Structures are given as structure tokens and as C-alpha cells.
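Enquirer: Model the structure of this input:
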Amino acid sequence: MNTKSRRLTGQVAIVTGASSGIGAGVAKAMAAEGAVVVVNYSSSAGKAEKILNEIKQAGGEGIIFKADVSKEKEVIDMFQTTIKEYGTVDIVVNNAGLQKDAKFHEMTLEEWNHVIDINLTGQFLCSREAIKEFLKRGIVPERSKSAGKIICMSSVHEVIPWAGHANYSASKGGVMMLMKSIAQEYAPLKIRINSIGPGAIRTPINYAAWQTPEAYNQLLKLIPAKRIGEPEDIGGAAVWLASDESEYVNGITLFVDGGMLLYPGFEDNG
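Expert: Next comes the predicted model:
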């Protein structure tokens with residue numbers, strides 16, 4: 001277990017889509033900082049158990065919970081179970097997301113709706129239940145200066161258009177305005193809501209983009225830092241946004257992208 005000052009001690013965090021990839025990285029990072037973590041998953045119980053076992057082997061604590069974040073009843077059950085088990089919820093990381101890629105003129109309504117339902121409506125449902133609990137409990141000063149923290153997992157594609165991925169990009173643009181709108185609404189009540197905008201991260205969702213040396217080198221043309229990101233890069237950013245170190249940070253997207261938003265196509269054309 002991390003031996004430095006543990007910034008999330010005594011707090012309870014729900015991380016959606018935490019059975020692999022970025023969600024797993026965030027769950028482990030928060031557990032290492034002292035949070036009790038609810039590892040949410042939708043289908044891969046074995047993978048979720050593996051992440052929870054890694055957390056426990058490192059000295060952390062948590063449970064797994066199956067819920068499809070696009071289903072209202074399942075989200076409500078997840079929050080009620082967490083509150084019954086641990087008394088409250090302090091941190092929610094809206095990480096669950098997916099892609100259903102298609103050329104726009106060939107995209108089906110099902111492909112559109114499925115991505116919007118998970119990536120955007122799921123964040124609405126989880127944020128709503130979190131805010132209800134934060135308002136009910138209020139600030140507990142020995143745990144945090146804030147009444148609660150929500151971290152929405154967005155993407156560089158809340159800014160960068162992405163041909164062939166209109167549903168995904170639209171969902172992330174929606175996440176950005178959802179986050180900003182509720183951050184504005186609840187900041188006076190000491191509830192902090194921010195987003196993380198990952199760039200290219202080494203996860204199963206984008207396996208094809210880095211699985212071969214040729215694909216990896218092509219990807220690096222888009223990244224001034226000349227390396228792909230790791231789930232731990234996002235985990236560190238999430239811990240900071242959930243901690244009192246960022247207590248005056250509200251309504252931002254923190255891009256963790258190795259400079260992908262720096263228009264790397266202009267590197268040689270100054």
C-alpha cells in the first residue's frame with residue numbers, strides 16, 4: 001500500500017466500468033490513497049473480482065457491484081447498496097463507456113442509442129444519485145472540504161471531431177456540457193464536479209490502435225509526448241481531482257493526453 005499521505009482516507013468511491021482499462025486504473029489508484037472502492041461492472045464479474053483482489057492484496061478495501069449504468073433501477077440499487085454497506089458515498093467516477101463505430105450514413109439507431117445511453121445517460125443517472133446523497137449528508141470536515149466529488153470521464157473528443165465515431169464524439173460533447181451545467185448548479189453547495197479528458201490510453205477499447213509496432217508508430221504522430229498513456233496516468237489525475245488538493249477546482253475538463261490537443265500536425269510547419 002502507498003506509504004505517502006493517503007489523500008482519500010475514510011472516503012467511499014464508486015467507479016463505474018472499473019473491471020478493466022481506465023476504470024480499473026482509477027479504482028486501484030483511489031484504493032491506494034485510502035478510499036473504499038465499489039468496483040462497478042456490467043458483464044465481466046471475473047475481471048471485476050480480479051481488480052478487487054488486487055486492491056485487497058495491496059491493503060485496500062471494497063466490493064464489486066453489477067449494474068448497467070444506463071438502467072435507472074440498477075443505478076439506484078448500486079447507490080442504495082453502497083450506502084447501506086458503507087454509510088455514504090463521497091466520490092463518484094463516471095467512467096463506464098463504449099464505442100460502436102460506423103460511417104455516419106450507415107450508423108443504425110441502435111448503434112447511436114446504445115452509445116448515448118451508456119456514455120451520457122449513464123453519467124446523468126449516476127451523477128443524479130450521487131448529488132442526492134451529497135445534499136442529504138453535507139460536508140464532513142474530517143473527510144473532505146467538499147460535500148462530494150463527481151469525476152466525469154470525457155475524452156479529447158469532446159473537442160476534437162472524429163469521423164466514423166459521431167455517436168461517441170456526440171456523447172463526449174454532451175458529457176462536457178452536462179458536467180459544466182451541474183458544476184455551476186451545485187458549486188454553491190460545495191459539490192465539486194469535473195471531467196478528465198483522456199487521449200490515447202493503452203486499454204482494450206482501443207487495442208487496434210496500439211497492438212502492432214506499425215499501428216503504435218502511426219498513433220504517436222498524434223501525440224507530442226511520443227508515448228501512449230497508461231491507466232495509471234488517469235488514475236493519478238482522478239485522485240487529485242477527488243482530493244482536497246483540488247478543492248478550488250470546479251467545472252473543468254483536465255486533459256490527460258500527452259499533448260494531443262496541441263495540434264501535432266503543425267509540429268513541422270511553424
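Enquirer: Quick check: pLDDT value at Ala31.
Expert: pLDDT recorded at Ala31 is 98.
Enquirer: Now the element after the helix or strand where it lies, going C-ward?
Expert: Element membership of Ala31 [criterion: DSSP states H and E] is helix 21-32. Where DSSP H and E defines the elements, the next helix or strand beyond helix 21-32 is strand 36-41.
Enquirer: Paired strands for that following strand, with orientation please.
Expert: Using DSSP bridges, the strands paired with strand 36-41 are strand 12-15 (parallel), strand 61-66 (parallel).
Enquirer: Distance from that strand to the middle of the chain?
Expert: Chain-centre distance of strand 36-41: 12 Å, with C-alpha atoms, centre = their mean, to the nearest Å.
Enquirer: in whatever helix or strand comes next after it, what's buried?
Expert: Of the helices and strands lying after strand 36-41 in sequence (DSSP H and E), the nearest is helix 45-57. Using 16 or more other C-beta atoms under 10 Å as the test for burial, helix 45-57 gives 47-48, 50-52, 55. Any C-beta I mention is one placed from the backbone N, CA and C, and that applies to glycine too.
Enquirer: surely Val37 meets Lys56?
Expert: No - counting by C-beta atoms under 8 Å, Val37 stays clear of Lys56, with 10.2 Å between them.
Enquirer: mind listing what Val37 touches?
Expert: Going by C-beta atoms under 8 Å, 6 or more residues apart in numbering, Val37 touches 13-15, 18, 27, 30-31, 55, 60-62.
Enquirer: got it, and Ala130?
Expert: Contacts of Ala130 by C-beta under 8 Å, 6+ apart are 14, 79, 89, 92, 148, 150.
Enquirer: try it again with 6 Å
Expert: 92, 150 (C-beta atoms under 6 Å, 6 or more residues apart in numbering).
Enquirer: Check Pro264 too.
Expert: Pro264 neighbours (C-beta under 6 Å, 6+ apart): 222, 224.
Enquirer: What mean pLDDT does stretch 19-28 get?
Expert: 97.
Enquirer: quick one on the thing from earlier: with respect to Gly259, which of the strands paired with strand 36-41 lies nearest?
Expert: The minimum distance between Gly259 and the strands paired with strand 36-41 falls on strand 12-15, with 26.3 Å, by C-beta to C-beta.
Enquirer: roughly how far apart are Ile160 and Asp257?
Expert: 10 Å (C-beta to C-beta, to the nearest Å).
Enquirer: Those two: which is more packed in?
Expert: Asp257 (24 against 16; other C-beta atoms under 10 Å).
Enquirer: Skip the chain neighbours and tell me the closest residue to the more buried one.
Expert: Gly199 (2.8 Å; C-beta to C-beta, 6 or more residues apart in numbering).
Enquirer: got the contact list for that neighbour?
Expert: 156, 229, 257-258, 260.
Enquirer: Same check on Asn95?
Expert: So Asn95 contacts 15-17, 22-23, 153 (C-beta under 6 Å, 6+ apart).
Enquirer: just to revisit the earlier point, ramachandran angles for the residue nearest to Asp257?
Expert: Dihedral angles of Gly199 (phi, psi; degrees, to the nearest 10) stand at phi -90, psi -140.
Enquirer: same deal with the one 3 residues further on?
Expert: Dihedral pair for Arg202: phi -80, psi 90, per degrees, to the nearest 10.
Enquirer: Appreciated, that's everything.
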